[in-house]
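A.B. asks: sequence? don't have it. structure:
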DNA sequence: ATTAGCACTCCACTATAATGAGTGCTAACA
DNA sequence: TGTTAGCACTCATTATAGTGGAGTGCTAAT
């Protein structure tokens, strides 16, 4: 027994219907729903087959059928192929998003936060978005400035314009000349260097040259280390967590509590981000259905993610989390369009950024 | 009719019992619960009085009584007085917190986040904590540095060591000398100035002196404006939102959804922070019971807040949000201790901070 | 191969009754 | 006069049974 055209059509009809209603769908419904002109009895036979093949499930005897993960998977895969071309319809929502991106303030954090919010409002699902992760970590610039009699400010700029400041307290006074020398020392030795290449030998060499001010070098290096650590720590913004209450199948206390926790502990979501970033299936869109997700608390959800890429090899992830019966069609095309918008807009950008 | 000693005792017993069980409490329960040795009938009479006085409420005829907001209020006020002295018991939890604060990394943000988490875990309520708000906004230091051929980095330091960086793109090249001049110009004119006092006249004066580089001044001033804006925007960290599911009276979908939204939209919480900061009742602890809260979505909750103050007049807020029947006793003493710990520890601090 | 018909299953819903915790009131008591 | 025992009454909750409907699976007829 295999999946012929008719079975496929019936399966699709079942899924479509279930996506709308959220209720198990029966044979009679399908018999009217499709243009196949088949009686409910015939449909019943086919459904029986589909169940045996694992595409649909009966929650209990004498209830309709609902799609299994395998069923969804087939549906999504199929759809992704079909929709590939007709993407460019640029829905109203996406235009809104674009508008928002254009009159943005220049803080990426704010943009991302607001984008998550917007997406959540438009789709009625929960959303997450991860800030671009820096790849090529080269030091661009280091500067020490005196702010106070006893306080120095370290400013470190990394490629991709990630900026980090750190206050350093000094015991002995530094005169302007010494400060200038230190700055030159740091910049001549470290500028343009990939962060990974800064090693102990180099540091001790610097310290030696710094002479009496070796202690300051230590503190600066600590700050540099902190930049690296910061970079590894992915920032994730979420929004629309309350949307899960809109879907009864997720809204019972047990599940809701777990999901909310997952959203709060963004750390858990980073697994998802990581997974998305590694796997490259060409389209840049990934769909996790039910148990396919790497985050166990989301086994009752589906997750659609998109990877976007800014100019300098910085990649981030946008994700939409909803019930298994989410509107894959809409979600995927929204994400696709958003992804391309994001790319374009930031690529036109002059690189002005702030931390 | 007034509140004699016996009524008071009965009220207290009712509240105690209700805090534990969450169920309306009846006369028979109280009759055994207290050491007053009164029959349930007598208790009933007293309860009838208490209801008339507005301290307790009957959810429906022939149910037990539950405390009204007024009842809670009396209980809390009374307790705050009693517990005033015996505060120093330094519970286990607080020691944990202290330990955590001591081996902190130096990023305030991380500390606050983790503190919220810790509090939530220990109390089983939802928690929030706001970063200290800067009061005296004096400019301490401004620096322009060349990072690239076409990019300048502005670094702005404000009193309280809030630091802001902004990248500026320039069209025409700047030589080192011009840069130095600009730096001197900016610092001599602006250093030590309260941000409010920077006005248009001053800016245009600066521009005039900058001559050909007036455009850069504009951009720097934009960045300064952004610092002010940042400062006004209170950062709030929350944790333990899932805890609301532990209390049936909050866990129904309607309420839960609203509360979760409130937690996500931290902006709403800032009203609470503002309210807490303005009102100074001496202890630094405030208790909002039910409808007393300034945030309407929390009308079914109680909120306990503490104001902490760091050395430089920077104030922040810690808040615990739970059901009306929260364990006020524990929450208040925990907050009190935490507050004092926070003060002490940060006061010992050398002021090292980062943004 | 398809369909009509029928018996059967099971959930969801409703109505009804039983339960029991709790009150208010009255009358009796110290 | 304050306290208590007793009793009738209320009402949310729980259990119970009954009903209708949606749906299936099977069989026999087309």
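C.D. replies: Yep, it's here. As the structure is a prediction and not an experimental result, all values here were calculated from the model.

A.B. asks: The stretch 201-350 of chain A: strands as residue ranges?
C.D. replies: Assigned by DSSP state E, counting those that start in this stretch, the stretch 201-350 of chain A shows strands spanning A:236-239, A:285-289, A:301-309, A:315-323.

A.B. asks: can you tell me which of those comes nearest to residue A:266?
C.D. replies: Closest approach to residue A:266 among these is made by strand A:236-239 (4.2 Å; C-beta to C-beta). Where you see a C-beta, it was placed from the backbone N, CA and C, and this is true even at glycine.

A.B. asks: Now do the contacts for the residue in the stretch 201-350 of chain A that DNA strand C sits nearest to.
C.D. replies: Of all residues in the stretch 201-350 of chain A, the one sitting closest to DNA strand C is residue A:248 (10.6 Å; C-beta to the nearest atom of the strand). Applying C-beta atoms under 8 Å, 6 or more residues apart in numbering or on different chains, we find residue A:248 in contact with residue A:22.

A.B. asks: Could you pick out the residues of the stretch 51-200 of chain A near chain B for me?
C.D. replies: Taking C-beta under 8 Å from any C-beta of the partner chain as the criterion, the neighbours of chain B within the stretch 51-200 of chain A are A:140-141, A:143, A:145, A:147-148, A:151, A:153, A:155, A:157, A:161, A:163-169.

A.B. asks: I'd like to know which of those are buried.
C.D. replies: Buried subset of these (neighbour count, 16 or more other C-beta atoms under 10 Å in any protein chain shown): A:140-141, A:143, A:145, A:147, A:151, A:153, A:155, A:157, A:161, A:163-168.

A.B. asks: Please list the members of the residues you listed that lie in strands.
C.D. replies: Members of those lying in strands (criterion: DSSP state E): A:140-141, A:143, A:145, A:151, A:153, A:155, A:157, A:163-168.

A.B. asks: And those, which two are furthest apart?
C.D. replies: For those, the maximum inter-member distance is 23.7 Å, found between A:140 and A:151 (C-beta to C-beta).

A.B. asks: Low-confidence bits of the stretch 1-150 of chain A, can you list those?
C.D. replies: Where the stretch 1-150 of chain A drops to pLDDT under 70, the residues are A:83-107, A:134-136.

A.B. asks: partner residues bridging the residue nearest to the spatial centre of chain A?
C.D. replies: Nearest to the geometric centre of chain A sits residue A:317, at 2.6 Å (C-alpha atoms, centre = their mean). For residue A:317, the beta-bridge partners are residue A:130, residue A:307 (DSSP bridges).

A.B. asks: How about the one 4 residues further on?
C.D. replies: Assessed by DSSP bridges, residue A:321 has beta-bridge partners residue A:126, residue A:303.

A.B. asks: how much space between it and residue B:71?
C.D. replies: For residue A:321, the distance to residue B:71 equals 42 Å [C-beta to C-beta, to the nearest Å].

A.B. asks: Ok, residue A:305 next?
C.D. replies: Distance from residue A:305 to residue B:71, by C-beta to C-beta: 50 Å.

A.B. asks: near DNA strand D too, which of the ones in strands among the buried ones among the residues of the stretch 51-200 of chain A next to chain B?
C.D. replies: Here nothing survives when those are matched to DNA strand D using C-beta under 7 Å from any atom of the strand.

A.B. asks: quick one: which of these is nearest DNA strand D?
C.D. replies: Distance to DNA strand D across these (C-beta to the nearest atom of the strand) is lowest for residue A:164, with 55.9 Å.

A.B. asks: Bridged to the closest one, which residues?
C.D. replies: Residue A:164 has the following beta-bridge partners by DSSP bridges: residue A:156.

A.B. asks: Please list all residues in contact with it.
C.D. replies: A:154-156, A:158, A:223, A:226-227, A:230, A:355, B:354.

A.B. asks: before we move on, the earlier item: more neighbours, residue A:321 and residue B:71?
C.D. replies: Ranked by neighbour count (other C-beta atoms under 10 Å in any protein chain shown), residue A:321 and residue B:71 place residue A:321 first, with 30 against 25.

A.B. asks: And the pLDDT for the more buried one?
C.D. replies: Note for residue A:321: predicted pLDDT of 97.

A.B. asks: ditto for the one 10 residues further on
C.D. replies: At residue A:331, the predicted lDDT confidence score is 92.

A.B. asks: just the one 3 residues further on next, same as before
C.D. replies: Reported pLDDT at residue A:334 in the predicted model: 87.

A.B. asks: correct me, but residue A:206 touches residue A:217?
C.D. replies: Yes: contact criterion C-beta atoms under 8 Å: residue A:206 and residue A:217 qualify, at 5.1 Å.

A.B. asks: Show me the common contact partners of these two, please.
C.D. replies: residue A:186.

A.B. asks: DNA strand C contacts on the stretch 51-200 of chain A?
C.D. replies: Counting by C-beta under 7 Å from any atom of the strand, the residues of the stretch 51-200 of chain A that sit close to DNA strand C are A:60-63.

A.B. asks: Can you tell me which of those residues has the most neighbours?
C.D. replies: For these, the largest number of neighbours (other C-beta under 10 Å) sits with residue A:63, at 13 neighbours.

A.B. asks: correct me, but that residue touches residue A:23?
C.D. replies: No: applying C-beta under 8 Å, one finds residue A:63 not in contact with residue A:23, separated by 9.2 Å.

A.B. asks: if we can go back for a sec, now distance to residue B:41 too, for the strands of the stretch 201-350 of chain A, in JSON lines please.
C.D. replies: Output for those, formatted as JSON lines (distance: least, C-beta to C-beta, whole Å):
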{"stretch": "strand A:236-239", "distance to residue B:41": "56"}
{"stretch": "strand A:285-289", "distance to residue B:41": "63"}
{"stretch": "strand A:301-309", "distance to residue B:41": "55"}
{"stretch": "strand A:315-323", "distance to residue B:41": "54"}
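
A.B. asks: which of the residues in stretch A:265-273 are buried?
C.D. replies: Neighbour-count burial for stretch A:265-273 flags A:266, A:268-270, A:272-273 (criterion: 16+ other C-beta under 10 Å).

A.B. asks: domains for chain A, by residue range?
C.D. replies: In the domain annotation for chain A, the residue ranges read A:5-67, A:86-132+A:234-348, A:139-232 (automatic domain parsing).

A.B. asks: Include distance to residue B:294 when you put the ones you listed into TSV, please.
C.D. replies: Shown next, in TSV, are the domains of chain A (distance: least, C-beta to C-beta, whole Å):
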stretch	distance to residue B:294
domain A:5-67	38
domain A:86-132+A:234-348	21
domain A:139-232	35
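
A.B. asks: now stretch A:327-334: how far from the chain's centre is it?
C.D. replies: Here stretch A:327-334 shows a centroid-to-chain-centroid distance of 16 Å under the convention C-alpha atoms, centre = their mean, to the nearest Å.

A.B. asks: Which positions in it come out as buried?
C.D. replies: A:327-334.

A.B. asks: Quick check: the gap between the nearest residue to residue A:214 once chain neighbours are set aside and residue A:151.
C.D. replies: Spatial nearest neighbour of residue A:214, chain neighbours left out: residue A:207 (4.0 Å); criterion: C-beta to C-beta, 6 or more residues apart in numbering or on different chains. Per C-beta to C-beta, residue A:207 is found 21 Å from residue A:151.

A.B. asks: Likewise for residue A:276?
C.D. replies: Distance of residue A:276 to residue A:151, given as C-beta to C-beta: 42 Å.

A.B. asks: rewinding a little: for DNA strand D, find the nearest of the strands of the stretch 201-350 of chain A.
C.D. replies: Closest approach to DNA strand D among these is made by strand A:315-323 (19.4 Å; C-beta to the nearest atom of the strand).
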